[in-house]
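**Q** here is my input; please provide its structure:
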Amino acid sequence: MASLYSRIFRRRGVHAARGEARRIARNHLGFHRLRPGQAEAVEAVVGGHDTLVVMPTGAGKSAIYQIAALLLPGPTVVVSPLIALQRDQVAAAGRHGGIPAAQANSHVGAARRREALEDFEEGDLELLFLAPEQFGDPRLVETLRAARPSLVVVDEAHCISSWGHDFRPEYLRIGGVVEALGHPRVLALTATAAPPVREEIIERLGMRDPRVLVREFDRPNLHLGVRWVSDEEAKRSAVVDWVVAAPRPGLVYTATRRSAEALAARLRAHGVAAAAYHAGMAAGERERAQQAFMEDRTEVVVATTAFGMGIDKPDVRFVAHAEVADSPDSYYQEIGRAGRDGRPAEAMLFYRPQDLGIRRFFAGGGQLDHGDLERVAAYVQLAGRPVRQEELERATELPGGRVTAALDRLQDAGAVRLLPSREVAWVDDGPGWAEAAGEASTAQAARRGADRSRVEMMRAYAETGDCRREFLLTYLGEPFEGPCGDCDNCLAGHGATQVRAAQPFPVGSRVRHPGWGAGQVLRYDEDRVTVLFDDGAYRTLGVPLVLERGLLAADRAGEAGSRPSGGSKRELYERARRLGIAGRSRMTKEELQRALREHR
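**A** Down below sits the predicted model:
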């Protein structure tokens, strides 16, 4: 089947592929038509581009890779962290159109894994589903290389970004695996990705000449609201009363495991079939709670952020937050689990300003000591050979999580490469270990500030008197001008009456601050402007002060083609060296980006 569509593509070109894509969608997937963005994404992939697709869950992202797989010669590797979802996708591929697919993750018996890998290598499978942690096995990578896949699909691609709560360290090695396979085309899929996350996905996967497609981000059937509460007890009572009266099923998100347990118990006491869900529960308990919710035996799940990724229950009628999320990115992803059937649904935030404290605390956590970075960097460089992470943990006497975090930061500094074999290699012409540790430490401090700025954006969302939908969408880099007519502010008439500030710099334009560098204008709110700076921090400035002191100026160098984001620091250096505009690898990443922009 794959070879048939491959011949069609080679003979008739990309334009014909769109028609074939529609036929595949109809004949093999049961779709009467392709949704907005699906055809464009398929066309980008088969046209030779690495592609990042940002669409809400339920918008048909899996159809994109299924169609592209049938149009391209060679098989497709699908990387997904969700074992249960892999099982469902394999079943759906076979059920709808007989697309040969199999999973070969750790939940499948050894004999079935061997059979799936043999079928894949022999060309009998179109889709092979794997979990990212499996790439630590060099034999698996060799098997995949022998099969010569034409496409690598990275599902839940935001897991590669250390900005978000869904960060998975095992995703960091996928970019190295892609290169080990000869860099087949890469299709990255996610339901949530603000501009900094998109750039990190592109960079860490080493995507070449990437196309970025963001579609259907607005969810007009979701009513957005915020309720202020005075203290903790008043908040819990308000949440319980609201959930008791709300149409169900629904989800309630909390910041802590203890809060999840307590709220679930109070809801049960009020006659609601509620269950808690958090990472502190045994795996079997979590699976039973999830299954009961999917089968409508549980009406409400009260959960930490451990619950939700890959949950595709279309009839969720509300998502309530008992505490603010850690960022608008996370918040939009979580409320997006409501109303996937297109019917009206509620997204309600119960807001107590004091709750921002716990998010600020979490945003400042997970920081490495400079000495930890030096120990890891020195060992890798002085070893003079690739070393396994287990060896690093023993030699440095650091826990695995801290070693992983240190390697993540040193990779960003252009000092180390994470190999598919689970080994770490020093970049020969990169900075020395002391300099690399210093760069990583400085970048870590900047990241901490950026994380805290995202918490402040959640405060701004909760306290805005303007259109809430406009706030969220513009934060995510999508143009939208309120009033939306279906948030609490707009329905109260506030969203339509906010005074629009003078806009000295258009929304979406590039600007430069004398201290914070370059950034992009996201939105205006009354007399304030919000800018996303290139260091990942969101900052809000008063427009009168900006004008009086000349704090922002148009960034002409960054306007034409935006900043070159398609590569790691190492790749940016190699590109600059080939162009003869960089003579040393000790330039910072921002300096390399600036040099490449100016060269244009």
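**Q** in the stretch 101-250 of the chain, which spans are strands?
**A** For the stretch 101-250 of the chain, the strands defined by DSSP state E, counting those that start in this stretch cover 101-103, 127-130, 151-154, 185-190, 211-214, 222-228, 250-253.
**Q** which one of these has the lowest average pLDDT?
**A** Ranked by mean pLDDT, the strands of the stretch 101-250 of the chain bottom out at strand 101-103, which scores a mean of 84.
**Q** pairing partners for that strand, with directions?
**A** In the sheet, strand 101-103 lines up against strand 127-130 (parallel) (DSSP bridges).
**Q** if you count neighbours, what's buried in the partner strand?
**A** By neighbour count with 16 or more other CB atoms under 10 Å, strand 127-130 contains the buried residues 127-130. Backbone N, C-alpha and C define where each C-beta goes, glycine included.
**Q** find the residue at the geometric middle of the chain.
**A** residue 158 (2.0 Å; CA atoms, centre = their mean).
**Q** follow-up on the earlier one: of the strands of the stretch 101-250 of the chain, which approaches residue 462 most closely?
**A** strand 222-228 (5.2 Å; CB to CB).
**Q** could I get the CA-only coordinates of that closest one as CSV?
**A** Provided in CSV are the C-alpha atoms of strand 222-228 (Å, rounded to 0.1, in the frame of the first residue of the first chain):
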residue,chain,number,x,y,z
LEU,A,222,-15.3,27.1,26.2
HIS,A,223,-16.7,29.7,28.6
LEU,A,224,-13.8,31.2,30.5
GLY,A,225,-14.3,32.5,34.0
VAL,A,226,-12.5,33.4,37.2
ARG,A,227,-13.9,33.5,40.7
TRP,A,228,-12.0,35.3,43.5
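**Q** any idea which helix is longest in the protein?
**A** In terms of residue count, the longest helix belonging to the chain (DSSP state H) is helix 433-463.
**Q** ok, then the element right after that one?
**A** Using DSSP states H and E, the helix or strand that follows helix 433-463 towards the C-terminus is helix 468-475.
**Q** for the record, mean pLDDT for stretch 554-567?
**A** Here the average pLDDT along stretch 554-567 is 53.
**Q** ugh, wrong one, stretch 372-387
**A** Stretch 372-387 comes out at a mean pLDDT of 92.
**Q** tell me the buried residues in it?
**A** For stretch 372-387, burial by neighbour count (16+ other CB under 10 Å) applies to 372-381, 386-387.
**Q** out of these, who's nearest residue 480?
**A** residue 373 (40.8 Å).
**Q** bridged to residue 319, which residues?
**A** Applying DSSP bridges, one finds that residue 319 bridges with residue 251, residue 347.
**Q** could you report the pLDDT at it?
**A** 97.
**Q** ok, it touching residue 333?
**A** No: using CB atoms under 8 Å, residue 319 is not in contact with residue 333, being 10.2 Å away.
**Q** thinking again about what came up before, adding distance to residue 284, write the strands of the stretch 101-250 of the chain out as a markdown table.
**A** Listed next are these as a markdown table, based on distance: least, CB to CB, whole Å:
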| stretch | distance to residue 284 |
| --- | --- |
| strand 101-103 | 21 |
| strand 127-130 | 23 |
| strand 151-154 | 29 |
| strand 185-190 | 29 |
| strand 211-214 | 38 |
| strand 222-228 | 33 |
| strand 250-253 | 21 |
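**Q** residue 490 is nearest to which of those?
**A** strand 222-228 (8.9 Å).
**Q** which residues touch that closest one?
**A** With contact meaning CB atoms under 8 Å, 6 or more residues apart in numbering, strand 222-228 is reached by 238, 242, 335-336, 338-339, 344-352, 461-462, 468-469, 472, 484, 486-488.
**Q** please repeat the previous calculation with a cut-off of 7 Å.
**A** 238, 335, 338-339, 344-351, 462, 468-469, 486-488 (CB atoms under 7 Å, 6 or more residues apart in numbering).
**Q** re the thing from before, list the buried residues in the longest helix of the chain.
**A** Applying a neighbour-count criterion of 16+ other CB under 10 Å, one finds 433, 436-441, 443-444, 447-448, 450-462 buried in helix 433-463.
**Q** on that earlier part again, quick one, which of the strands of the stretch 101-250 of the chain is nearest to residue 492?
**A** strand 222-228 (10.2 Å).
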